[in-house]
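Enquirer: Only the shape, not the letters, is given here:
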């Protein structure tokens, strides 16, 4: 029986891109990269892959924002309730331009928002750092999906966390490296290695005609 395939496109939002001068832009996320992601997503959709997206959706008082920790600065790491928290500049604040998804919304069947609980960060499209589930797994189960393709921003954070959580939940997972951008070369390489060691398939580009054979 043919496997049902969904693509999860992570966090293609203004604040994460150089194209929009985002406050937390991953390198090389310019208009060329966005066009490549949009074109590939449209091709996948044409070949029967259902497209989901994730969207960071933070309240202004979010725990990950350095400004909410007096005396702290962005990119510091602190301990909160026995877990490690990276502090970020305020980004993807609800109902702001920087939080908007910046490729064609008509490509998406569903957008799953994450990071809206002010107490927990959320890199994964499946759950936040407190273990609170998003709607993602329920939606995929209801849709009968067994194969998940993941790509977007950032390889070493939200792509990795989403792919690993999909793998843990029993999906066959493919990450498209060529449609993803990481924050640093070292952390990106480490993330790709970690995913591959867990059994996640890493490819550079995708041939839609070969999706069923993957």
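Expert: In hand now; what should we look at? Please read all numbers here as calculations on a predicted model, not as lab measurements.
Enquirer: Could you list every helix and strand that whichever strand or helix holds residue 175 packs against?
Expert: Using DSSP states H and E, residue 175 maps to strand 172-176. Where contact means 3 or more C-beta pairs under 8 Å, 6 or more residues apart in numbering; DSSP states H and E, strand 172-176 is packed against strand 147-152, helix 160-168, helix 185-197, strand 201-203. (C-beta placed from N, C-alpha, C; glycine too.)
Enquirer: tell me which residues of the longest helix along the chain are tucked away?
Expert: If you go by DSSP state H, the chain has its longest helix at helix 31-46. Across helix 31-46, burial judged by 16 or more other C-beta atoms under 10 Å covers 33-34, 37-38, 40-41, 44-45.
Enquirer: what residues does the strand holding residue 175 touch?
Expert: Outside strand 172-176, the residues within contact range by C-beta atoms under 8 Å, 6 or more residues apart in numbering are 3, 40, 146-151, 159, 163, 166-167, 192, 195, 200-206, 214.
Enquirer: give me the low-pLDDT residue ranges for this structure?
Expert: Within the chain, the ranges that satisfy pLDDT under 70 run 1, 211-213.
Enquirer: And the strands in it, which stretches?
Expert: With DSSP state E as the criterion, the chain has strands at 5-10, 50-56, 77-80, 83-86, 110-114, 147-152, 172-176, 201-203.
Enquirer: Among the ones you listed, which comes closest to residue 64?
Expert: strand 83-86 (6.4 Å; C-beta to C-beta).
Enquirer: Against residue 210, how distant is the residue in the chain sticking out farthest from the centre?
Expert: The C-alpha centroid of the chain is most remote from residue 71, which lies 29.6 Å away (C-alpha atoms, centre = their mean). Note on residue 71: its distance to residue 210, by C-beta to C-beta, to the nearest Å, is 53 Å.
Enquirer: try residue 12
Expert: In terms of C-beta to C-beta, residue 12 sits 24 Å off from residue 210.
Enquirer: Settle it for me: which of the two has more neighbours?
Expert: More neighbours surround residue 12 than the other of residue 12 and residue 210, with 25 against 9 (other C-beta atoms under 10 Å).
Enquirer: Could you tell me which residues make contact with that one?
Expert: Each residue near residue 12 by C-beta under 8 Å, 6+ apart is listed here: 34, 37, 53, 101-103, 152-153.
Enquirer: Kindly recompute the last result at 7 Å.
Expert: By C-beta atoms under 7 Å, 6 or more residues apart in numbering, the contact list for residue 12 reads 37, 101-103, 152-153.
Enquirer: Over to residue 6?
Expert: So residue 6 contacts 49-50, 52, 140, 143, 145, 148 (C-beta under 7 Å, 6+ apart).
Enquirer: Then residue 100?
Expert: So residue 100 contacts 13-14 (C-beta under 7 Å, 6+ apart).
Enquirer: Going by neighbour count, which of the contacts of residue 6 are buried?
Expert: Burial of the contacts of residue 6 was assessed by neighbour count (16+ other C-beta under 10 Å); the buried members are 49-50, 52, 140, 145, 148.
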